[in-house]
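Visitor: Here is my input, please return the structure:
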Amino acid sequence: MAAVEAECKDHHHNNIKKEHNTYEFACFGTGCPPLLMYQALIKISGQVQGVFYRAHAHDEACALNLKGYVKNMPNQTVEALVQGEKNAIEKFTEWCRVGSPSSKVEKVEISWQTPGKPFTEFSSQ
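Guide: Numbering: from 1, shown residues only. From the prediction side, this is the model:
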């Protein structure tokens, strides 16, 4: 099994189980429960470039403690690859359907994936 590491509240976790496209982490510190890390690729289409969509998506992802990235694509869509707790990814996806104040979201597609190497931050590319 490939090793995957994540951090929670300054405690280190090691990968102990991979099942159903998630990773379960066990804490070596005290006081924090096991975490499940999920990963999703989200594709957003509509009027989503040039309207500060990525900047707002970055702020929302950070508020939800998600890791990964958001970037403009050549076909005028926006793509986000996010890692974190399932509930947080679902909340982020709902935000993506609304978007920034100036955006006009037409479609949001989400593909759940087996988590890859963990990201350490959320970036706007």
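Visitor: K117: neighbour count?
Guide: Counted with other C-beta atoms under 10 Å, the neighbours of K117 add up to 10. C-betas here are computed from N, CA, C, even on glycine.
Visitor: For it, which three-state class applies?
Guide: At K117 the chain is in coil, as set by DSSP: H, G, I helix; E, B strand; the rest coil.
Visitor: Could you number the chain from 33 rather than 1 from now on?
Guide: Renumbered: residue one is now 33, and that last one reads K149.
Visitor: who touches stretch 69-77?
Guide: 36, 38, 53-55, 57, 85, 100, 105, 108-118, 121, 124-125, 128, 131, 137-148, 150 (C-beta atoms under 8 Å, 6 or more residues apart in numbering).
Visitor: Now, those that are in strands?
Guide: For these, the ones inside strands are 38, 54-55, 57, 100, 110-116, 137-145, with DSSP state E as the criterion.
Visitor: just the angle between the helix or strand hosting H88 and strand 110-116, please?
Guide: Using DSSP states H and E, H88 sits within helix 85-95. In terms of direction (axes from the mean of the first three to the mean of the last three C-alpha atoms, to 10 degrees), helix 85-95 departs from strand 110-116 by 10 degrees.
Visitor: so how far is helix 85-95 from its chain's centroid?
Guide: Centroid displacement of helix 85-95 relative to its chain, using C-alpha atoms, centre = their mean, to the nearest Å, is 11 Å.
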